[in-house]
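*Asks:* okay, predicted coordinates and the sequence, questions at the end:
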Amino acid sequence: MIRVNPDDGTVTELGEVEGNVLAITSGGGSVWMARDDGSVVRMSPGTGEVEAEIDTGVADLGAIIAFSEEGCGRCTGSSVPPTRFR
């Protein structure tokens, strides 16, 4: 994971996330990543620290996750119903 400063283009490496990341989004002060094993990683964009690893129990999260004021979730697009996790 890297952070790019939009003002001067400086690139800062924040950290590494294990596993195969299928999708990434941001919201609620965190960066959220869906992995191919059905888990979701919540990372601090300021420090790169992993704040949580969430096992959703859904092996097919798909490649699209989104954030809203209600939390982070997988958008439907496969045979698996929508999933919400916080």
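*Replies:* Yep, that arrived. What you see is a predicted model; the values in this text were computed from it and never measured.
*Asks:* what is the mean pLDDT for the helix or strand that residue 41 is a member of?
*Replies:* Counting by DSSP states H and E, the element that carries residue 41 is strand 39-43. In this model, strand 39-43 carries a mean pLDDT of 88.
*Asks:* show me what counts as buried in it.
*Replies:* 39, 40, 41, 42, 43 (16 or more other CB atoms under 10 Å). From N, CA and C alone the C-beta is placed, and that goes for glycine too.
*Asks:* how much space between the nearest residue to residue 36 once chain neighbours are set aside and residue 41?
*Replies:* Ranked by CB to CB, 6 or more residues apart in numbering and with sequence neighbours excluded, the top spatial neighbour of residue 36 is residue 20, at 4.3 Å. Per CB to CB, to the nearest Å, residue 20 is found 12 Å from residue 41.
*Asks:* now swap in residue 13 and tell me
*Replies:* In terms of CB to CB, residue 13 sits 16 Å off from residue 41.
*Asks:* measure stretch 27-44 end to end?
*Replies:* End-to-end distance of stretch 27-44: 11 Å, with CA to CA, to the nearest Å as the criterion.
*Asks:* next: stretch 28-46.
*Replies:* Across its full length, stretch 28-46 reaches 13 Å between end residues, using CA to CA.
*Asks:* I am finished for the moment; much appreciated.
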